[in-house]
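Novice: Next comes the sequence, and after it the predicted model I'd like to discuss.
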Amino acid sequence: MGDSTFPRGGFAKFYDISSLGFLPWPFTITKLTMQMTIDLGRVSPRSFLLLEVWGNIYMLSVTDLLTVQTMPSVTDVSLQTIQLFYKEHLCDRVFIFELDDKDRPIVKLRFSEKHLCHLLGIQYVLTPQMHGYKYLGSTGYTFIEDGTVTFDFLKTENKIGFKSKKRRMLYFPFVYQILKNPTTIIFNKSLVSTMIDVDIILYNQLNNTYLHLGIDKDADSDFYYPKSFYDRKKDDHISGQTQVLVKAMRVEID
């Protein structure tokens, strides 16, 4: 079967179907919502196997997260894949937005490793009483990267806290899609009862859920940084705010 590798946690059975004609190799398993399908790469036209799969053994890859259309479950994606996605597609880049706003004609947004844990809401799961400060910033990023902090770890440490922030973590990969095609508002927190204090919110609506990326100006540079990411069923953080047109957007390697 060559170099095909399958994630742990499922069952597989093989059938000889070499009499059916040409099928390419290798097999790769793709999950489309709740349905398992088989994509076939290249193979000898005379000899191959059909793989029948039961169970949720496929986990989303970093590439899958670029175009995901529904919120994955904790069995679909790992915290480490989200971290790698963040590293490969958000960090070491500058997202430059040209806005139709005289006060902010150009917004340059930069992500860094130290922002990830806060954006995921880990500080609400691993509270200060639990020495949660150890799991924030660059140190927290490293703990995710080396597998110390996982979904299972967070759930074990604080089941209620994890449940309250689980959707936020699972929706996080949609940040990439928000950046590519955002609706943008200048956020005035005095119009809504909230502790969130950001200058701009970039958002998308997905399946009756509003996904918000709040960004703020770095006091020591010309760059913006990601300050908050969260989901809401209501549009109360959007309604009544000043919407601005994004005239152009580009990405530069940092």
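Specialist: The structure has been received and is ready for your questions.

Novice: could you pull out the helices for this protein?
Specialist: Ranges of helices in the chain, per DSSP state H, are 62-65, 79-89, 116-120, 122-125, 137-145, 151-157, 159-171, 175-180.

Novice: Make TSV from those helices and add mean neighbour count and distance to residue 253 to it.
Specialist: No exception for glycine: its C-beta is placed from N, CA and C like everyone else's. TSV is the format used below for these (neighbours: other Cβ atoms under 10 Å; distance: least, Cβ to Cβ, whole Å):
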stretch	mean neighbour count	distance to residue 253
helix 62-65	17	18
helix 79-89	19	12
helix 116-120	23	19
helix 122-125	20	28
helix 137-145	18	20
helix 151-157	16	31
helix 159-171	17	26
helix 175-180	18	15
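
Novice: closest to residue 187 out of those?
Specialist: Nearest to residue 187 among the helices of the chain is helix 175-180 (14.6 Å), distances taken as Cβ to Cβ.

Novice: and the closest one, what's its mean pLDDT?
Specialist: Helix 175-180 shows a mean pLDDT of 98.

Novice: Which elements pack onto that helix?
Specialist: Judged by 3 or more Cβ pairs under 8 Å, 6 or more residues apart in numbering; DSSP states H and E, the packing partners of helix 175-180 are strand 200-206, strand 209-217.

Novice: How about the contacts made by the residue nearest to residue 111 when sequence neighbours are not counted?
Specialist: Take residue 111 and drop its neighbours on the chain: the residue closest to it by Cβ to Cβ, 6 or more residues apart in numbering is residue 90, 4.3 Å away. By Cβ atoms under 8 Å, 6 or more residues apart in numbering, the contact set of residue 90 is 111, 175-176, 179.

Novice: ditto for residue 200
Specialist: With contact taken as Cβ under 8 Å, 6+ apart, residue 200 is in contact with 104, 107, 184-187, 214-216, 224.

Novice: repeat for residue 78
Specialist: 59, 150-151.

Novice: Out of the residues you listed, which comes closest to residue 65?
Specialist: residue 59 (10.8 Å).

Novice: contacting residues around that closest one?
Specialist: Residue 59 neighbours (Cβ under 8 Å, 6+ apart): 7, 75-78, 81.
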